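*Asks:* heads up, no residue letters with this:
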């Protein structure tokens, strides 16, 4: 599995954009980049995934570097409900098991 | 969207007893389910991979005789913690992989988790 590096924690103000970085320099050419988040005392929740092109959905945007060695999850307007641990996970297919690293704990201040 | 239901959400039991946790995919068929364990302030650790109709595959260090997994149908997998001890107290989370193809095929859906406390 590709190794990932994410900041342990980040802070954001409510209603402001948040950029959560992830380095995955050992990612293989066929690995997708998945992002999940885990709210307190809950199971992880799918956020977004992509392969090469930037991706947008109703929750977030995913910006993938051209060399695919890093990616950034973008929350356009953070809300208090977005406070969670965000995990970046390279995987050949999310239908297979996912290996979770430490993730980034996002704190959102009102 | 895909929903995975996990039950019970929390359970307290005495040391030496067995506890069963159920994981159901409510609106899709799950050929594969995964069981994770999460200790406080730690990340999720995969325990085992459960395939419908066959034996589960356990990760290194996970005792298969202690953590019994049954995946008898495409919508139900169970994890039984046998002879539970205080060190088994943890947050157990299941996830399910969709069968087939489509927009949701590449997404794992997780249950809400089951918090086990062994006294």
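*Replies:* That came in fine, so what should we check first? Everything numeric here is computed off the predicted structure, so don't read it as measured data.
*Asks:* Now chain A against chain B: closest residue?
*Replies:* residue A:43 (3.6 Å; CB to the nearest CB). Any C-beta I mention is one placed from the backbone N, CA and C, and that applies to glycine too.
*Asks:* Briefly note if stretch B:55-62 comes near chain A.
*Replies:* No: Stretch B:55-62 does not reach chain A (CB under 8 Å from any CB of the partner chain); its nearest approach is 9.2 Å.
*Asks:* got the buried residues for that stretch?
*Replies:* B:56-58, B:62 (16 or more other CB atoms under 10 Å in any protein chain shown).
*Asks:* Show residues contacting stretch B:15-25.
*Replies:* B:2-8, B:11, B:13, B:33, B:35, B:74-86, B:92, B:94, B:96, B:109, B:111, B:114, B:116, B:118-119 (CB atoms under 8 Å, 6 or more residues apart in numbering or on different chains).
*Asks:* before we move on, what about stretch A:12-22?
*Replies:* Residues outside stretch A:12-22 that contact it (CB under 8 Å, 6+ apart): A:4-7, A:10, A:33, A:35, A:70-80, A:82, A:86, A:88, A:104, A:106-110.
*Asks:* Can you give me the buried ones in it?
*Replies:* Buried residues in stretch A:12-22 (16+ other CB under 10 Å): A:12, A:18, A:20, A:22.
*Asks:* now do stretch B:86-103
*Replies:* Buried-residue list, stretch B:86-103, by 16+ other CB under 10 Å: B:88-98.
*Asks:* In chain A, where is pLDDT below threshold?
*Replies:* A:1, A:93-95 (pLDDT under 70).
*Asks:* Now the residue most central in space within it. Nearest residue, chain neighbours left out?
*Replies:* Nearest to the mean C-alpha position of chain A, by CA atoms, centre = their mean, lies residue A:35 at 3.7 Å. Nearest residue to residue A:35, sequence neighbours excluded (CB to CB, 6 or more residues apart in numbering or on different chains): residue A:47, at 4.3 Å.
*Asks:* Among the contacts of stretch A:12-22, which ones are in helices?
*Replies:* Counting by DSSP state H, none of the members of the contacts of stretch A:12-22 fall within helices.
*Asks:* Close to chain B: what parts of chain A are there?
*Replies:* For chain A, the contact set with chain B under CB under 8 Å from any CB comprises A:32, A:36, A:38, A:41-46, A:49, A:87, A:93-103.
*Asks:* Kindly supply the PyMOL command isolating those of the residues you listed that are buried.
*Replies:* Selection of buried members from the residues of chain A next to chain B for PyMOL, criterion 16+ other CB under 10 Å:
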select buried, chain A and resi 32+36+38+42+43+44+46+49+87+94+95+97+98+99+100+101+103
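*Asks:* Run through the residues of chain B sitting next to chain A.
*Replies:* B:4, B:6, B:32, B:34, B:36, B:43-46, B:49, B:91, B:93-95, B:97-98, B:105-113, B:115.
*Asks:* Quick one, which of these are buried?
*Replies:* Listed as buried from the residues of chain B next to chain A are B:4, B:6, B:32, B:34, B:36, B:44, B:46, B:49, B:91, B:93-95, B:97-98, B:106-113, B:115; burial here means 16+ other CB under 10 Å.
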